[in-house]
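>>> just to be clear, the model below is a prediction. Sequence and coordinates:
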Amino acid sequence: MSTYHHNNLKNDLLEHGLKMISEEGIEKLSLRKLARICGVSEAAPYSHFKSKGHLLDEMKVYVADKLYNKLNEAYLNSPKPDCILEIGKAYVEFAMNQPDYFNFLFNQADINIDLSMKNDGDFKPFSFFRDKSYEVYRELGFNDDSIKFGIVSMWTQAHGIAMIASMKNVATDFDWLDVLERILVEKN
């Protein structure tokens, strides 16, 4: 095995691990295989991950952070109240552009998404969407009860579109982002 200096071995292990899961399934994931793929010793991955379970936990955080960053970017680059629709579009775009990431994240049985409006929850992308929605819609004069059910409705619609848009072999004659906009934005 040739020695190879990694600028960021942890990142490479995460990326290659996600690809391996997408191609071969989670049961075939192994730190030893990842070491070979990355061109490092079999012991090297253990300097970052104690076990396969630890690697999987870190993958969830890694992908959730990427999704959060995409949502935050959409929020920061859009005026209010349009930013909420743009967050939804960013969510769907993430699923379309990163289907392996998206499917990995939402196929984990132990992912914790707390849809209650009073809890911070463990899933940073939803917490961000919820908090920004409350901020924007309160400024527009909506009451908290209307906002709460609007948030659940918007999230489930965006998530449903994202799930279908991230599937392989789905043919369309439309743009998913147009569908999302038509569903989430009431036209006068």
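Perfect, thanks for sending it.
>>> could you use CA atoms for every contact and neighbour count after this?
Noted.
>>> element containing the residue most central in space within the chain?
Closest residue to the average C-alpha location of the chain: Leu67 at 3.8 Å, with C-alpha atoms, centre = their mean. Assigned by DSSP states H and E, Leu67 belongs to helix 52-76.
>>> now the helix or strand following that helix: buried residues?
Next helix or strand after helix 52-76 toward the C-terminus (DSSP H and E): helix 82-97. Along helix 82-97, these residues count as buried under the neighbour rule (16 or more other C-alpha atoms under 10 Å): 83-96.
>>> any idea how far Leu13 lies from Pro125?
As for Leu13, its distance to Pro125 is 23 Å (criterion: C-alpha to C-alpha, to the nearest Å).
>>> CA-only coordinates of whichever helix or strand His16 is part of in PDB, if you can.
Here His16 sits within helix 9-24, counting by DSSP H and E. Output in PDB follows, covering the C-alpha atoms of helix 9-24 (Å, rounded to 0.1, in the frame of the first residue of the first chain):
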ATOM      1  CA  LEU A   9      -8.800  12.000   6.300                       C
ATOM      2  CA  LYS A  10     -11.900  12.300   8.400                       C
ATOM      3  CA  ASN A  11     -13.800  14.100   5.600                       C
ATOM      4  CA  ASP A  12     -12.600  11.600   3.000                       C
ATOM      5  CA  LEU A  13     -13.800   8.700   5.200                       C
ATOM      6  CA  LEU A  14     -17.200  10.300   5.500                       C
ATOM      7  CA  GLU A  15     -17.500  11.000   1.800                       C
ATOM      8  CA  HIS A  16     -16.300   7.500   0.700                       C
ATOM      9  CA  GLY A  17     -18.500   5.900   3.400                       C
ATOM     10  CA  LEU A  18     -21.600   7.600   2.100                       C
ATOM     11  CA  LYS A  19     -20.700   6.500  -1.400                       C
ATOM     12  CA  MET A  20     -20.100   3.000  -0.200                       C
ATOM     13  CA  ILE A  21     -23.500   2.900   1.500                       C
ATOM     14  CA  SER A  22     -25.200   4.200  -1.600                       C
ATOM     15  CA  GLU A  23     -23.600   1.600  -3.800                       C
ATOM     16  CA  GLU A  24     -23.400  -1.400  -1.600                       C
END
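>>> which strands and helices sit next to that helix?
If you count contacts as 3 or more C-alpha pairs under 8 Å, 6 or more residues apart in numbering; DSSP states H and E, helix 9-24 packs onto helix 31-38, helix 52-76, helix 99-106.
>>> elements contacting the longest one?
Other helices and strands packing on helix 52-76, by 3+ C-alpha pairs under 8 Å, 6+ apart, are helix 9-24, helix 82-97, helix 99-106, helix 124-139.
>>> most tightly packed of the ones you listed?
Compared across those, helix 82-97 shows the largest average neighbour count, a mean of 22 (mean count of other C-alpha atoms under 10 Å).
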